[in-house]
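> quick one: sequence and predicted model below, then my questions.
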Amino acid sequence: MINIPKGTKDVLPADSYKWQYIEDTARGVARAFNISEIRTPTFEYTELFSRGVGETTDVVNKEMYTFEDKGGRSITLKPEGTAGAARMFIENGLASSPMPLKAFYITPAFRYERPQAGRLREFHQFGIEVFGSESYHTDAEVIFAASTFLNKLGVKTRLEINSIGCKSCRAEYNKALKEYFKPRLAEMCETCNSRFEKNPLRILDCKEEGCKKFTADAPKITDYLCPDCKAHFDGVKNLLSDLGIYYTVNPRIVRGLDYYSRTVFEFVSDEIGAQGTVCGGGRYDGLIEELGGKPLPAIGFAAGIERLMLLMENTGAAFPERQKPRIYIAGMDEKTRAAAFKIAAELRLKGINAECDLMNRSVKAQFKYADKLGAEYVAVIGETELLNGEVTLKNMKDGTQSAVKTTQIYTYLQ
Ligand code: HAM
């Protein structure tokens, strides 16, 4: 037997309704915020991610599924959705469309990470990206959209926000970080030593215990924000408070991807183990320019669907019922089976979930099967019913039976 690759998961027929529920909820929220769907390829040229997501990130350094195609091009399976969305935006000249441009996606993403609960090598994201607005209102709207989505699913998370400033305040902050970490470098991991040179902010994201003990007392970015970034962050916080969205400011959030500037945020849960961030995002005002477009501000988030699923299952969140036949139509012999088949066909054309026998089962066995499927009604056609043009309809919940004309079944079910 060939097994499923490590870090991937099947969605079984008995579970797919949960996926559909989460995806439908995502689409419903997107509709309410007037956000249109986009779809970008599963793979892109590697350079998009190395330039977009950033050379100093774990995602680019360690986790990408990169290979050469038969034409000798370096290809990478998308590790996230933002870089592809930005590439699509630039390549299709969408900067000339009315701004802001709001897009959402539901996409698989691939990262070569050590699998554990809530961490897979292929996972799925629901993401929203808004291009073209610098206003802090957009930050609040995007955070509100994420919070609405999570609330609709009935999951409880806490929202942590931060501002990591713009290029100019970051330069000051990087200086302060370097001063702080320099005397401690000898005790820190090799990666952090290289981060120290290339991107000291990344050190705050290190998962090594030896490095983490130093980050707690490191300077805080919020003390280094320039007046514009500070005003922007205050604007976001005030609007969130106005909307009744509870948040805490966590100056340690730097996010694992390099394109962020100003507002960053995470929705976190303690119910699903070490991988508690179900949704993360932020502003990326420099990315479009970095990828060759005219400078344009943008902000977005992505929520991990597997983590949400885990959280919903762990906390007993309510899913809708899985799909069930409204009616199962049982025949007894060749002739009545053919009649059952035809009735089911007619109901299906009218959009009714109708089932009938495909296994040559006895009527008793058909009843048993219909019950297992959770059918609401079972209609039986015997010799007499066939002659009279009717069925005996049993309500599987209360056990009542009635004779219903074949032509009236649809109306009866309505
Ligand atoms: P991210 O924080 O890397 O951000 O990923 C977003 C979410 O994807 C995480 O919060 C988590 O729920 C899920 N996720 C990430 N890695 C895994 C994994 N290995 N297994 C399962 N779930 C995972 C981004 O990807 C940004 N593109 C978000 C964004 C959009 N920022 C601006 N716009």
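Alright, I've got the coordinates.

> which residues does whichever residue of the chain sits closest to the ligand contact?
Residue nearest to the ligand within the chain: Gly304 (2.3 Å; C-beta to the nearest ligand atom). For glycine as for every other residue, the C-beta is placed from the backbone atoms N, C-alpha and C. When contacts are counted by C-beta atoms under 8 Å, 6 or more residues apart in numbering, Gly304 is found next to 118, 123-125, 277-279.

> can you tell me which residues in this protein are near the ligand?
Proximity of the chain to the ligand (C-beta under 6 Å from any ligand atom) is limited to residues 80-82, 111, 113, 118-120, 123, 125, 127, 129, 256-257, 277-282, 284, 300-304, 306-307.

> could you check how many residues crowd around Thr392?
By the criterion of other C-beta atoms under 10 Å, Thr392 has 16 neighbours.

> repeat for Pro108
Pro108: 14 surrounding residues under other C-beta under 10 Å.

> does it have any beta-bridge partners, and if so which?
Beta-bridge partners of Pro108, counted by DSSP bridges, are His124.

> in this structure it contacts Phe126, no?
No - when contacts are counted by C-beta atoms under 8 Å, Pro108 is not listed as touching Phe126 (11.6 Å).

> got any ranges where this structure has weak pLDDT?
Residues of the chain meeting the criterion pLDDT under 70: none.

> my read: Arg121 touches Arg111, true?
Yes - at 6.4 Å, Arg121 counts as touching Arg111 under the criterion of C-beta under 8 Å.

> does Ser239 touch Val142 like I think?
In this structure residue 239 is Leu, not Ser. No - the pair Leu239 and Val142 does not pass the contact test of C-beta under 8 Å, sitting 11.1 Å apart.

> who's more crowded, those two?
Each of Leu239 and Val142 has its neighbours counted (other C-beta under 10 Å); Val142 has more, 27 against 18.

> contacting residues for that one?
For Val142, counting by C-beta under 8 Å, 6+ apart, the contacting residues are 128, 130, 281, 299-301.

> could you redo the residues you listed as a markdown table and give each row secondary structure?
Shown next, in a markdown table, are the contacts of Val142 (DSSP: H, G, I helix; E, B strand; the rest coil):
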| residue | secondary structure |
| --- | --- |
| Ile128 | strand |
| Val130 | strand |
| Gly281 | strand |
| Ile299 | strand |
| Gly300 | strand |
| Phe301 | strand |
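
> now, which of these sits nearest Pro227?
Minimum distance to Pro227 across the contacts of Val142 is 20.4 Å, recorded for Ile299 (C-beta to C-beta).

> just give the nearest non-adjacent residue to the closest one, would you?
Leaving aside its sequence neighbours, Ile299 sits nearest to Arg283 (C-beta to C-beta, 6 or more residues apart in numbering; 4.3 Å).

> just grab the bridge partners of that neighbour for me.
Taking DSSP bridges as the rule, Arg283 bridges to Ser261, Ile299.

> surely it meets Asp139?
Yes - the pair Arg283 / Asp139 is scored as a contact, 6.5 Å apart, by C-beta under 8 Å.

> Ile299 and Ser241, how far apart?
19 Å (C-beta to C-beta, to the nearest Å).

> ok, the nearest residue to Glu80 once chain neighbours are set aside - how many residues close by?
Nearest residue to Glu80, sequence neighbours excluded (C-beta to C-beta, 6+ apart): Ala109, at 5.4 Å. When neighbours are counted by other C-beta under 10 Å, Ala109 registers 21.

> cool, and Lys220?
For Lys220, using other C-beta under 10 Å, the count is 16.

> swap in the one 3 residues further on?
The criterion is other C-beta under 10 Å. On that basis, Asp223 has 11 neighbouring residues.

> sorry, back to before: Ile299 and Ser241: which is more packed in?
Legend: neighbour count by other C-beta under 10 Å for Ile299 and Ser241, higher for Ile299 (29 against 12).

> for the more buried one, what are its contacts?
Neighbouring residues of Ile299 by C-beta under 8 Å, 6+ apart: 129-130, 133, 138-139, 142, 263, 281-284.
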